[in-house]
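# After the sequence you'll find the predicted model.
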Amino acid sequence: MQRSRPGIWLYYAIALLTFAIDYITKKIIERNLELYEQIKVIGNFFLITSIRNRGAAFGILQEQRIFFIAITIIVATGIVWYLHRSYRLGHPLLLTGLALVLGGAVGNFLDRALYGEVVDFLQFNFGSWTFPIFNLADTAIVCGVALIILDSLLTAKREKDKENETDGNGDEQQLV
């Protein structure tokens, strides 16, 4: 008995849910915290810190709004195309990863398009070193990429195992 796989709309629902959670959390931060205000969650290790980022990850490429908007449109279009193309293969890890990346990309895209900056608020400190502050869209993108990589590794292993099965079909090779 073959299991039915979920419709492609499940993956769009994951992207939409990712976008919605990111949007809501950013609005909560904007409305309830002043810029640079901090709330200690776990001592000095984990803080909610309200900042705005006009660049990319780790604050690189500051003030490149048009560049980021253009790149995000291209990437989101590519993800939608690849999601549809890959759906036929039935790889749920890959499809979920693509959905998370899409939802996160659109979440940060909206901030950049409307305000020219992204709301970041998750801060982790490791002793005197502070990891660059990020948001839930960034988290979704990283988790999505991890799922895509995991799917790629598992697919390569399955293909290698299948290749080994066909090579080891019981036929002995003659030694000359």
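Thanks, I have it.
# for the chain, what's the longest helix?
helix 136-167 (DSSP state H).
# What residues sit buried inside that one?
Within helix 136-167, the residues that count as buried by 16 or more other Cβ atoms under 10 Å are 136-141, 143-144, 147-148, 151. For every residue, glycine as well, the C-beta is placed using N, CA and C.
# can I assume residue 55 sits in a strand?
No - when DSSP: H, G, I helix; E, B strand; the rest coil is applied, residue 55 is found to be coil, with no strand at that position.
# looking at it, it is touching residue 64, isn't it?
Yes - contact status for residue 55 versus residue 64: in contact at 6.8 Å, counting by Cβ atoms under 8 Å.
# quick one, what contacts the closest residue to residue 131 other than its chain neighbours?
The shortest distance from residue 131 to any non-neighbouring residue, by Cβ to Cβ, 6 or more residues apart in numbering, is to residue 124 (4.5 Å). Taking Cβ atoms under 8 Å, 6 or more residues apart in numbering, we find residue 124 in contact with 45-46, 130-131.
# Could you report the pLDDT at residue 124?
Predicted confidence (pLDDT) for residue 124: 97.
# phi, psi of it?
Residue 124 has phi and psi values of phi -120, psi 130 when expressed as degrees, to the nearest 10.
# need the strands for the chain, in chain order.
Residue ranges of the strands in the chain, as given by DSSP state E, are 38-42, 46-53, 118-126, 129-134.
# any idea which residue sits dead centre in the chain?
residue 141 (1.5 Å; Cα atoms, centre = their mean).
# Give me the neighbour count for the residue lying closest to that one once chain neighbours are set aside.
Spatially, and ignoring its direct neighbours in sequence, residue 141 is nearest to residue 104 (3.9 Å; Cβ to Cβ, 6+ apart). Applying other Cβ atoms under 10 Å, we find 25 residues neighbouring residue 104.
# Surely residue 104 touches residue 139?
Yes - using Cβ under 8 Å, residue 104 is in contact with residue 139, at 7.4 Å.
# Next, the buried residues of stretch 70-79.
Buried, per 16+ other Cβ under 10 Å, within stretch 70-79: 72, 76, 79.
# What would it look like as CSV? C-alpha coordinates only.
Backbone C-alpha positions of stretch 70-79 (Å, rounded to 0.1, in the frame of the first residue of the first chain) are rendered in CSV as follows:
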residue,chain,number,x,y,z
ALA,A,70,16.0,42.5,-6.8
ILE,A,71,17.9,39.5,-5.5
THR,A,72,15.0,38.4,-3.3
ILE,A,73,12.6,38.5,-6.3
ILE,A,74,14.9,36.4,-8.3
VAL,A,75,15.5,33.9,-5.5
ALA,A,76,11.8,33.7,-4.6
THR,A,77,10.9,33.1,-8.2
GLY,A,78,13.6,30.4,-8.5
ILE,A,79,12.4,28.7,-5.3
